[in-house]
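Peer 1: Okay, predicted coordinates and the sequence, questions at the end:
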Amino acid sequence: MYTIPSHIDTNSQEFTENLAHYNKILAKHRMIMDQVMKGGPPQAVRKHQSRSKLLARERIDLLIDPGTPFLELSTLAANGQYKESFPSAGIVTGIGVIHGKETVIIANDATVKGGTYVKETIRKHIRAQEVAMQNQLPCVYMVDSGGVFLPNQAEVFPDRDDFGRIFYNQARLSAQGCPQIAIVMGSCTAGGAYIPAMSDETIIVRNQGTIFIGGPPLVRAATGEIVTPEELGGAEVHTTKSGVADHFAENDQHALSICRSIFETFQPGKRQNLDIRPPEEPLYDPAELPGIIQADQKKQTNPYEIIARLTDGSRFHEFKARYATTLVTGFSHIMGYPVGIIANNGVLFAESSLKGTHFIQLCNFRKIPILFLQNITGFMVGKSYENAGLARDGAKLVHAVANANVPKITIITGGSYGAGNYAMAGRAFEPHFLFMWPGSRISVMGGQQAANVLAQVKIDQTQLAGHEVDLDEIEAMRQEILQKYETEGSAYYSTSRLWDDGIIEPMQTRQVVSMAIATSQNKPYDDPKSGVYRM
């Protein structure tokens with residue numbers, strides 16, 4: 001491997017302007033994150049704490065091994081929706097280490113509408129289970145929830161990926177051999193009662209946790225029986241009479257200690273062997289990344305400068321360096337973990353697709369995870385390219401990405417547009433993890449292009465009908481489309497709807513990628529396979 005030479009002058013006007021621009025983006029991001037991390041409204045937090053209950057993220061901090069990181073997923077789910085009344089969609093999910101074992105943790109936040117579930121809560125819960133299945137990980141459910149948010153029941157109850165999918169996934173995880181532990185730290189009502197009932201082992205907290213299919217109000221309405229929550233489904237009932245729970249805890253801290261003790265009984269599973277080396281810092285400071293990202297997205301950010309600030313020792317073994325240069329491919333290490341990197345350096349051509357396909361095949365056979373650094377406007381268009389078979393060669397890359405047998409980790413560093421999103425392992429292609437930088441954008445095409453296309457369609461329709469074109473009307477339509485794309489193309493719109501696994505700062509990328517690769521080792525990689533390539 002060679003050391004990437006950096007040509008960035010940190011004293012230049014361009015670097016200074018880029019840095020100032022991105023620092024504003026980071027300041028906004030940190031402000032939003034600080035607010036969301038507080039959980040529900042202050043009065044709900046105080047009420048929760050007055051019951052001697054820990055907050056969701058405090059519970060996670062005590063559960064994971066001391067001094068180890070927690071990779072939180074989709075922190076900004078539901079951001080900008082529901083009048084900001086569902087911060088983090090009322091649930092905290094992510095990957096932590098318990099007794100040296102990477103584990104998916106799903107914790108209800110009862111300070112947010114009593115821990116009830118809206119559409120994004122369910123998507124976030126299910127996504128965490130998908131991460132567990134994809135990487136053969138144990139799950140810990142910290143249950144403290146009132147179940148479905150009843151005013152929105154039609155959006156969360158009946159469909160395939162609605163509330164019932166949680167229990168389907170639990171059954172599948174169990175069959176796959178992924179241990180599941182439930183800690184009932186509050187309410188666990190109606191369908192939610194299946195979470196502890198379907199777990200391998202369940203812990204319940206005295207005078208705090210309750211499990212029942214029908215709560216006291218429903219029991220009274222249905223049968224006339226008057227019963228307290230504790231009598232109906234408290235810790236004493238479920239650990240001495242029903243057998244629904246296995247462990248009796250005095251408080252949150254005790255419950256978390258029992259959970260950690262359970263993890264000591266797990267036997268080590270088979271892991272994927274990788275050539276892990278002692279980690280090194282990059283030769284160039286990752287803190288320079290915000291000054292490297294072009295403020296004007298019409299300008300191409302140099303992917304080599306990004307790679308030089310992500311890889312160990314800024315080293316990179318480039319593959320096909322002189323061929324199809326709008327796609328950069330090569331091997332490196334990030335925090336000691338081997339990785340194949342595919343990075344955009346402009347629009348995708350047919351030869352870019354062939355180069356990417358070849359490189360993915362190398363990663364498949366060498367069992368090396370792939371990092372996609374996505375900043376793509378899409379594929380080249382035009383008569384000569386289409387006539388030469390652009391769609392045929394682009395399809396090869398799409399095939400290769402879809403059938404890659406090694407983990408795919410996608411970071412959207414800039415733009416993510418059109419079919420380029422798919423070819424660079426967008427969400428539809430099931431990367432193991434997909435994160436966005438806060439200044440990135442995602443949509444079917446850029447707002448300017450969409451406005452021009454739709455304006456031209458409107459003009460053609462008007463002229464075909466024999467009417468005079470109203471230029472003011474056309475311009476008003478263009479501005480409306482531009483505004484729509486400006487809003488819907490932002491990273492915050494995306495992450496709110498769980499089109500990604502969260503927004504991370506550029507300087508966090510090395511740590512996030514290394515945690516993602518470490519997590520992926522828990523399931524041995526499959527042998528290479530592919531579909532039919534149109535030749």
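Peer 2: Done, it's in. Numbering: from 1, shown residues only.
Peer 1: When you work out contacts or count neighbours from here on, use the C-alpha atoms and nothing else.
Peer 2: Fine.
Peer 1: So which elements touch the longest helix anywhere in the chain?
Peer 2: In terms of residue count, the longest helix belonging to the chain (DSSP state H) is helix 13-36. Judged by 3 or more CA pairs under 8 Å, 6 or more residues apart in numbering; DSSP states H and E, the packing partners of helix 13-36 are helix 289-292.
Peer 1: and A428, how many residues sit next to it?
Peer 2: By other CA atoms under 10 Å, the residues close to A428 number 10.
Peer 1: Skipping its backbone neighbours, what lies nearest it in space?
Peer 2: Closest residue to A428 apart from its sequence neighbours, by CA to CA, 6 or more residues apart in numbering: Y422 at 6.9 Å.
Peer 1: Enumerate every residue touching the one you found.
Peer 2: Y422 sits next to 398, 428-429 when contact means CA atoms under 8 Å, 6 or more residues apart in numbering.
Peer 1: Helix or strand: which one has it?
Peer 2: Under the criterion of DSSP states H and E, Y422 resides in helix 418-423.
Peer 1: one step back: in the next helix or strand after the longest helix of the chain, what counts as buried?
Peer 2: Once the chain leaves helix 13-36, the next helix or strand it forms, by DSSP H and E, is helix 42-50. Neighbour-count burial for helix 42-50, counted by 16 or more other CA atoms under 10 Å, picks out 44-45, 48.
Peer 1: And stretch 502-517, by the same measure?
Peer 2: The neighbour-count check on stretch 502-517 (16+ other CA under 10 Å) flags 502-507, 509-510, 512-517 as buried.
Peer 1: pLDDT on that stretch, on average?
Peer 2: Averaged over stretch 502-517, pLDDT sits at 98.
Peer 1: Distance from that stretch to the middle of the chain?
Peer 2: Per CA atoms, centre = their mean, to the nearest Å, the displacement of stretch 502-517 from the mean C-alpha position of its chain is 11 Å.
Peer 1: cool, and stretch 329-349?
Peer 2: That offset, for stretch 329-349, works out to 20 Å (CA atoms, centre = their mean).
Peer 1: how about the strands of the stretch 351-500 of the chain, start to end?
Peer 2: Assigned strands in the stretch 351-500 of the chain, in chain order: 370-376, 408-417, 433-436, 441-443 (criterion: DSSP state E, counting those that start in this stretch).
Peer 1: Need those in CSV (columns: mean pLDDT and mean neighbour count).
Peer 2: Shown next, in CSV, are the strands of the stretch 351-500 of the chain (pLDDT from 0 to 100; neighbours: other CA atoms under 10 Å):
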stretch, mean pLDDT, mean neighbour count
strand 370-376, 97, 26
strand 408-417, 97, 26
strand 433-436, 98, 26
strand 441-443, 95, 24
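Peer 1: possible to save those strands as TSV with distance to S352?
Peer 2: Listed next are those as TSV, based on distance: least, CA to CA, whole Å:
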stretch	distance to S352
strand 370-376	12
strand 408-417	16
strand 433-436	22
strand 441-443	21
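Peer 1: in the stretch 51-200 of the chain, which spans are helices?
Peer 2: Listed in chain order, the helices of the stretch 51-200 of the chain (DSSP state H, counting those that start in this stretch) span 56-63, 119-135, 153-156, 164-176, 194-197.
Peer 1: looking at those, which is buried most?
Peer 2: Per-stretch averages of neighbours, counted by mean count of other CA atoms under 10 Å, single out helix 119-135 among the helices of the stretch 51-200 of the chain, with a mean of 23.
Peer 1: Which neighbouring elements make contact with that helix?
Peer 2: Using 3+ CA pairs under 8 Å, 6+ apart, helix 119-135 is in contact with strand 91-98, strand 101-108, helix 153-156, helix 164-176, helix 509-520.
Peer 1: In terms of mean pLDDT, which of the ones you listed ranks lowest?
Peer 2: Minimum mean pLDDT among those: helix 153-156, a mean of 88.
Peer 1: what about I306, distance to G414?
Peer 2: 12 Å (CA to CA, to the nearest Å).
Peer 1: what do you get for P66?
Peer 2: Taking CA to CA, one finds P66 at 35 Å from G414.
Peer 1: Tell me who's in contact with the residue nearest to E264 when sequence neighbours are not counted.
Peer 2: Nearest non-adjacent residue to E264, counting by CA to CA, 6+ apart: H99, 6.8 Å away. Neighbour list for H99: 64-65, 260, 263-264 [criterion: CA under 8 Å, 6+ apart].
Peer 1: can you rerun that using 7 Å?
Peer 2: Contacts for H99 were tallied using CA atoms under 7 Å, 6 or more residues apart in numbering; they are 65, 263-264.
Peer 1: Which of those are buried? Put it as a ChimeraX command.
Peer 2: Provided next is the ChimeraX selection string for whichever of those are buried by 16+ other CA under 10 Å:
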select :65,263
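Peer 1: Can you report how many residues lie near S261?
Peer 2: S261, neighbours per other CA under 10 Å, totals 13.
Peer 1: That one sits in which helix or strand?
Peer 2: helix 252-263.
Peer 1: Same question for L218.
Peer 2: helix 216-223.
Peer 1: Can you list the residue ranges for helices in the stretch 401-535 of the chain?
Peer 2: 418-423, 447-464, 471-488, 491-496, 509-520.
Peer 1: Tell me the spacing between the residue nearest to the spatial centre of the chain and D275.
Peer 2: Centroid-nearest residue in the chain: D501, 1.1 Å away (criterion: CA atoms, centre = their mean). Plainly put, D501 is 27 Å away from D275 if you go by CA to CA.
Peer 1: Next: T93.
Peer 2: 29 Å.
Peer 1: which residues of the stretch 201-350 of the chain fall in helices?
Peer 2: 216-223, 229-233, 235-240, 252-263, 289-292, 303-307, 350-366.
Peer 1: closest to E475 out of those helices?
Peer 2: Of all the helices of the stretch 201-350 of the chain, it is helix 289-292 that lies closest to E475, at 34.6 Å by CA to CA.
Peer 1: quick one, what contacts G394?
Peer 2: Per CA under 7 Å, 6+ apart, neighbours of G394: 350, 353.
Peer 1: ok, D312 to F331 distance?
Peer 2: 11 Å.
Peer 1: Neighbour count: these two, which is higher?
Peer 2: More crowded of D312 and F331, by other CA under 10 Å: D312, with 26 against 22.
Peer 1: does that one really touch Y337, like I thought?
Peer 2: No: between D312 and Y337 there is no contact under CA atoms under 7 Å: 9.2 Å.
Peer 1: between these two, what contacts are shared?
Peer 2: Counting by CA under 7 Å, 6+ apart, nothing touches both D312 and Y337.
Peer 1: Not counting residues beside it along the chain, what's closest to I474?
Peer 2: Spatially, and ignoring its direct neighbours in sequence, I474 is nearest to A455 (6.1 Å; CA to CA, 6+ apart).
Peer 1: Same question for G115.
Peer 2: S145 (4.2 Å).
Peer 1: my guess is that neighbour contacts V184, does it?
Peer 2: No: S145 is beyond contact range of V184, at 9.4 Å (criterion: CA under 7 Å).
Peer 1: The helix holding S261 versus strand 101-108: what angle between them?
Peer 2: 150 degrees (axes from the mean of the first three to the mean of the last three CA atoms, to 10 degrees).
Peer 1: returning to that earlier point: what's the spacing between the helix holding L218 and its chain's center?
Peer 2: 40 Å.
Peer 1: which parts of it are buried?
Peer 2: For helix 216-223, burial by neighbour count (16+ other CA under 10 Å) applies to P216.
Peer 1: same thing with stretch 312-328?
Peer 2: 312-320, 324-328.
Peer 1: follow-up on the earlier one: would you reformat the buried residues of helix 42-50 as TSV and include pLDDT and distance to K28?
Peer 2: Formatted as TSV, these follow (pLDDT from 0 to 100; distance: CA to CA, whole Å):
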residue	pLDDT	distance to K28
A44	97	26
V45	98	24
H48	97	29
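Peer 1: between those residues, which is nearest G114?
Peer 2: Using CA to CA, the buried residues of helix 42-50 come closest to G114 at A44, 8.7 Å.
Peer 1: any idea how far the nearest residue to that closest one once chain neighbours are set aside is from D246?
Peer 2: Sequence neighbours aside, T111 is the residue nearest to A44 in space, at 5.1 Å (criterion: CA to CA, 6+ apart). Using CA to CA, T111 is found at 27 Å from D246.
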